[in-house]
Structure formats: structure tokens, C-alpha cells
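Student: Turn this into a structure:
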Amino acid sequence: MDSVMVQVPVTIKAKLTEKLKTRMLDDLNRNIAQAEREIQQIESDQDRAMKEQGDTPQKQASIRRYFGQEIGKRQNFLAEAQARKEHLEKLALGAEIIQGTLQREVELEIGSDMREIMNVEVLVEDDKIIAIRS
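Tutor: Numbering: from 1, shown residues only. Sure thing, here's the model as predicted:
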């Protein structure tokens, strides 16, 4: 066997433009607001459950534990989203940010340069490919 077909990752990077930065900040702000609304709703649901079902200390503890876990998930998400927002706000226009990866199929042959095959990036600016690097 002299060759084999394999799938390798391709890193997709975006050049940060004002348009992209605005879109990403808008998405983060929407996600942050949604998480805050969910936390308020869960707290309201917890209060209602405590009034309706919390007639014993065990039930109260169980209710607090359940709703506490749900609130904790949203608070963790909220903290991460706020950290991403702060980081994004500090980034200069023109910075390259990783958007994700895709797979491509390549043929490996004896003598192929693995570094060249594995290190492929696609650079995008305002949804247009502006460079393919290896």
C-alpha cells in the first residue's frame, strides 16, 4: 500500500472586523440576558415550590438542592459568557479568532509532509475566505 485516504482537521479563523465584533457582542448580550431571565424564573419557581411542597425540612432541603443546581448551571454559563464578552471587547480589530474546525479528506503517500497536511487554516473576513494557509 503506497497511499491511504484520511480525514484531517482544518482550523477556521475569522479576522475580527467591526461587523463581526458587533454581531458576537450582540449574541453574547442576548445569551447573558436570557441566562439572567432563566435565573429569575427558577428562583420564582423555587419560591412557589417551597410554599406548595416545602412542608417538611427534608422537602425544603430537596427543593433547595434541585433548584440550586439549576441556578448554578446558569450562573456558571453567565460567568463564562461575561468573561468571553470582556475578552472580546479588549480584542483589537484585525485579530484572528478561531471559529471552529472542519474536516477535509487528503491522500497520504509515502514521503508526505505531515506538518503541511495537518496545519491547514482557512481565514475568513466578513464571511468571505481571504486566505488558505498551510
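Student: and A131, helix, strand or coil?
Tutor: Of the three states, A131 takes strand according to DSSP: H, G, I helix; E, B strand; the rest coil.
Student: okay, now it: neighbour count?
Tutor: 12 (other Cβ atoms under 10 Å). In this view, the C-beta of every residue, glycine as well, is placed from N, C-alpha and C.
Student: do you know how far it is from E125?
Tutor: Distance, A131 to E125, using Cβ to Cβ, to the nearest Å: 9 Å.
Student: Surely F77 and E38 touch.
Tutor: No. F77 is beyond contact range of E38, at 9.0 Å (criterion: Cβ atoms under 8 Å).
Student: How about the contacts made by A35?
Tutor: 74, 77-78, 81 (Cβ atoms under 8 Å, 6 or more residues apart in numbering).
Student: From A49, how far out is R65?
Tutor: Applying Cβ to Cβ to R65 and A49 gives a distance of 12 Å.
Student: out of the two, which sits in the busier spot?
Tutor: A49 (17 against 9).
Student: The closest residue to the more buried one other than its chain neighbours sits in which helix or strand?
Tutor: Counting by Cβ to Cβ, 6 or more residues apart in numbering, I63 is the residue found nearest to A49 once chain neighbours are left out, at 5.0 Å. I63 belongs to helix 57-90 when elements are defined using DSSP states H and E.
Student: Now do that helix: which elements does it pack against?
Tutor: helix 18-53 (3 or more Cβ pairs under 8 Å, 6 or more residues apart in numbering; DSSP states H and E).
Student: Low-confidence ranges, this structure, go.
Tutor: 54 (pLDDT under 70).
Student: change it to 80
Tutor: 1, 54-55 (pLDDT under 80).
Student: can you count the residues close to the spatially closest residue to M118 that is not a sequence neighbour?
Tutor: In space, and not counting its chain neighbours, M118 is closest to V8: 5.8 Å by Cβ to Cβ, 6+ apart. For V8, the neighbour count with other Cβ under 10 Å is 15.
Student: ok, V8 touching Q103?
Tutor: Yes. V8 lies in contact with Q103 (Cβ under 8 Å); the separation is 7.1 Å.
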